[in-house]
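Peer 1: here is a sequence together with a model predicted from it:
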Amino acid sequence: MPSFLHCFILFCSAVLTQSIITPSLAKTSSFKPKALVLQVAKDASTLQYLTTIKQRTPLVPIKLTIALGGLSLWVDCEKGYISSTYKPAHCGSSQCKLAESKSCTTECFSSPKPGCYNNTCDIVPDNPLAAVLSGGGQLGQDVVSLLSTDGSNPGRVVSTPNLLFSCGHRSLLNGLANGVKGMAGLGRSKVGIPSQIASAFRFQRKFALCLSSSTRSNGAIFFGGGPYVLLPGIDISKLLTFTKLILNPVSTAGSYFMGDPSTDYFVEVKSIKINGKVVSFNSTSLLNIDTEGYGGTKISTLKPYTVLETSIYKAVINAFVKQLSRIPRVKPVAPFGACFNSTSIGSTRVGAAVPHIDLVLSKGVQWRFYGANSMVQVSKDALCLGFVDGGVRPRTSVVIGGHQLEDNLLQFDLANKRLGFSSSLLFRQTTCANFNFTSTS
């Protein structure tokens, strides 16, 4: 008969082994995926980019709005959150430290349920599209199931048992697309979805975003370093040009704690060119981030079109109109300021035949936008420049919006703090809707 000491040692060994295993593949531990992939849909009514994950036990599909710079995943826990595997993150725990939580709910005045446990830490779920922000959200963890890929085709479904997320108040759903239950935060934080997935599955800390311009065909998000293969067999990870990602030391979220840095992705824009000519505007310092976190250029999936500080916007509009002086103007259609008679504009492989727009980045790298990304067809005969006036002294001077990102591959390399971008995939006779989701690897 084994001794008490022998049993105790075996028990401790088993517990220790279990505790240090990386939370990777809950149901497929012998299979190690190379990457993961999510489908991304464009909502026709809101122009938000949506994805669906499966969460909880039993698994439930959860529709989410993609927030490129969002702190973390957050979902509405107030209605119908039922799961046998949900675990709250207790104050002082390693999960709370990872999330850098600065708040703790010592007592929740309700029966225990997801989003309402005693002695549980909070983080701030954020929805920049909501008219009113309300309160914090308790940090918890649960099972999440995602699709693996070899970069060319979808593979097996894999799961991680402990993905951290925040329970948001129902009011945070205001402004989101119909049926959405939260937001998929892909921001540069330790509890952002990319960092958590990289840790759980031992991937490179990279993810890539490829947004479709169509509301009928889906784009993709890839977690992992590539390849990213689109029909007809083009590895678009080989088309990337790189520039550095810079950190805004002051949070740009709607709600945050003092001292929090921004989780948005900023790039260093030095100047803007139209048809190769530099656009002049009053203060180039607007392109820099000041000590209060104002200024600079960030990338956003929550703005449907690129938003420019007023003086930059006026300068860009004037320069663009000057280059198209021979094309008849038509009455502007909100929210745009410069619209043209589209019957007088030709067409090319990369959209309307209009002057190209370059963002000149650090070390002279240029990110070029052609007609497909710069122009918006607002009616049968009207084509508008797809840039919007952001007002005087906005939080961020240039916000590169979704329309400008569509059918471009963007790779965010968190470890090396750099952005890879492809420019328009239309040049390669492919689009972001051309990942083969229908066959398996």
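Peer 2: Perfect, thanks for sending it.

Peer 1: tell me which element residue 207 is part of?
Peer 2: Per DSSP states H and E: residue 207 is located in strand 206-210.

Peer 1: kindly format the C-alpha coordinates of that strand as CSV.
Peer 2: Coordinates of each C-alpha in strand 206-210 appear next as CSV, following Å, rounded to 0.1, in the frame of the first residue of the first chain:
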residue,chain,number,x,y,z
LYS,A,206,2.0,38.8,-35.4
PHE,A,207,-1.5,39.1,-37.0
ALA,A,208,-2.7,40.2,-40.4
LEU,A,209,-5.8,42.0,-41.4
CYS,A,210,-7.3,41.8,-44.9
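
Peer 1: buried ones in stretch 132-141?
Peer 2: 133, 136-141 (16 or more other Cβ atoms under 10 Å). C-beta coordinates here come from the backbone N, C-alpha and C atoms, glycine included.

Peer 1: hmm, who's touching that stretch?
Peer 2: Residues outside stretch 132-141 that contact it (Cβ atoms under 8 Å, 6 or more residues apart in numbering): 74, 77, 86-89, 95-96, 99, 101, 103, 105, 108, 114-117, 120-127, 161-169, 171-172, 174, 254-255.

Peer 1: buried subset of the residues you listed, written for PyMOL?
Peer 2: Buried subset of these, written as a PyMOL selection, criterion 16+ other Cβ under 10 Å:
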select buried, resi 74+77+86+87+88+89+95+96+99+101+103+105+108+114+115+116+117+120+121+122+123+124+125+126+127+161+162+163+164+165+166+167+168+169+172+254+255
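
Peer 1: in strands only, show me the contacts of stretch 132-141.
Peer 2: Judged by DSSP state E, strands contain the following of the contacts of stretch 132-141: 74, 87-88, 103, 105, 120-123, 161-168.

Peer 1: hmm, back to that, which elements pack onto the helix or strand following the strand holding residue 207?
Peer 2: Following strand 206-210 in sequence order, the next helix or strand is strand 219-223 (DSSP H and E). Taking 3 or more Cβ pairs under 8 Å, 6 or more residues apart in numbering; DSSP states H and E as contact, the helices and strands that strand 219-223 lies on are strand 35-42, helix 193-201, strand 206-210.

Peer 1: now do the longest one: distance to the chain's middle.
Peer 2: Counting by Cα atoms, centre = their mean, to the nearest Å, helix 193-201 is centred 14 Å from the centre of its parent chain.

Peer 1: which residues touch residue 300?
Peer 2: If you count contacts by Cβ under 8 Å, 6+ apart, residue 300 has them with 68-69, 264, 399-402.

Peer 1: switch the cut-off to 10 Å
Peer 2: Counting by Cβ atoms under 10 Å, 6 or more residues apart in numbering, residue 300 touches 67-69, 128, 252, 264-265, 306-307, 396, 399-402, 405.

Peer 1: which ones among those lie within helices?
Peer 2: Residues from the contacts of residue 300 lying in helices, with DSSP state H as the criterion: 402, 405.

Peer 1: which of the contacts of residue 300 scores worst on pLDDT?
Peer 2: Across the contacts of residue 300, the bottom pLDDT score, 93, is held by residue 128.

Peer 1: what separation do you get for it and residue 144?
Peer 2: 24 Å (Cβ to Cβ, to the nearest Å).

Peer 1: who's more crowded, these two?
Peer 2: A direct count of neighbours by other Cβ atoms under 10 Å for residue 128 and residue 144 places residue 144 higher, at 25 against 17.
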